[in-house]
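**Student:** Make a model of this:
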Amino acid sequence: MKKLLQEFKAFAMKGSVIDMAVGIIIGGGFGKVVASLVSDVIMPPIGLLIGGVNFTELKAVLNPNSVKEGVEAVTLNYGMFIQTIIDFTIIAFSIFMVIRLINKLQNLTKKKEDEVQAAPPAAPTKEEILLTEIRDLLKSKN
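**Tutor:** Numbers count the residues shown, from 1 in each chain. Model (predicted):
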């Protein structure tokens, strides 16, 4: 049991696991922000354009006879499905853009590193050449 706990501790303290946990937490918050953006900002104008429709209220009643009897209607909430599809599309596009930006920044950094590594060493200055000659002369006298 002690070995199992030690293995779990080693696993949980790895940098990648902690990074993943932070990413999941931030992703959850980001998802809520995007869901609010879609439902509160994007969908109302779209609903207005197509005749004042609120997508979240779009549904098909599957048992219309039971509504008369006081039983709660069984509905197919296709409006919520449309809303969820739009949420997903915006979240996926946003994540795509962030990853694209990160990849461009990494490529830019890599190019700069490659340029620095590929640059030939600078030719010695006249002072360096003169100092090298003096050093060599002093060595030959000793």
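**Student:** tell me the mean pLDDT over the strand or helix carrying residue 105?
**Tutor:** Using DSSP states H and E, residue 105 sits within helix 78-118. For helix 78-118, mean pLDDT rounds to 82.
**Student:** what's it packed up against?
**Tutor:** Other helices and strands packing on helix 78-118, by 3 or more CB pairs under 8 Å, 6 or more residues apart in numbering; DSSP states H and E, are helix 15-36. C-beta coordinates here come from the backbone N, C-alpha and C atoms, glycine included.
**Student:** now stretch 39-47, how far from the chain's geometric center?
**Tutor:** Computed by CA atoms, centre = their mean, to the nearest Å, the separation of stretch 39-47 from the middle of its chain amounts to 24 Å.
**Student:** distance between the ends of that stretch?
**Tutor:** Using CA to CA, to the nearest Å, the end-to-end distance of stretch 39-47 comes out at 10 Å.
**Student:** Cool, thanks, talk later.
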